[in-house]
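Colleague: attaching a predicted model along with its sequence, questions to come.
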Amino acid sequence: MHMKKILLIAALAAAAASMPAYAHGPTDDHSAKHGGIVAAGKEADYELVAKPEAIQLYVNDHGKPLDVSKASAKLTLLSGKEKQEVELKPAAGMLEAKGAFKVGPGTKAVAVVTNAGKTLGTARFTLK
């Protein structure tokens, strides 16, 4: 009898380990919708689209665009030994900054997003 309990516990543990982990729920879509890189956070999902002339950050809650009209983000770009700080502001359903940015492959980006004065979350990206 004792061996059956051990086998049952082992089987349940194996089944649980093989199940996918979901940050928000099994139906959430974490795919890139704008050609960027997606990072799933606790409160929202973030998609970063980084080009040398513009950076855009899309914020989604359970697959639906989040209202970012009162949001902002501080984005830190790390490329080799160079560091660049960028302030992203609301623009047409996303947060955006225009300028000149070093966003080559391997560049790391950290975004701290605030919405209505409260920190919404932090997202980390590595550009490809």
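Modeller: Perfect, I can see it now.
Colleague: please count neighbours and contacts with C-alpha atoms only from this point.
Modeller: Will do.
Colleague: quick one, what contacts the most centrally placed residue in the chain?
Modeller: The residue lying closest to the centre of the chain (C-alpha atoms, centre = their mean) is A39, at 2.3 Å. Residues near A39 by C-alpha atoms under 8 Å, 6 or more residues apart in numbering: D45, Y46, E47, A123, R124, F125.
Colleague: could you point out the helix or strand that follows the helix or strand containing the third one?
Modeller: Think E47. Here E47, judged by DSSP states H and E, is contained in strand 45-51. Using DSSP H and E, the helix or strand that follows strand 45-51 towards the C-terminus is strand 54-61.
Colleague: pairing partners for the next helix or strand after that next one, with directions?
Modeller: Following strand 54-61 in sequence order, the next helix or strand is strand 64-65 (DSSP H and E). Take DSSP bridges as the rule and strand 64-65 pairs in its sheet with strand 54-61 (antiparallel).
Colleague: hey, C-alpha coordinates of the partner strand in CSV?
Modeller: Listed in CSV are the C-alpha atoms of strand 54-61, where the atom choice follows Å, rounded to 0.1, in the frame of the first residue of the first chain:
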residue,chain,number,x,y,z
ALA,A,54,11.7,55.0,-32.9
ILE,A,55,10.9,52.8,-30.0
GLN,A,56,7.3,51.6,-29.3
LEU,A,57,6.0,49.6,-26.3
TYR,A,58,2.6,48.0,-26.5
VAL,A,59,0.9,47.0,-23.3
ASN,A,60,-1.7,44.2,-23.2
ASP,A,61,-3.9,42.8,-20.4
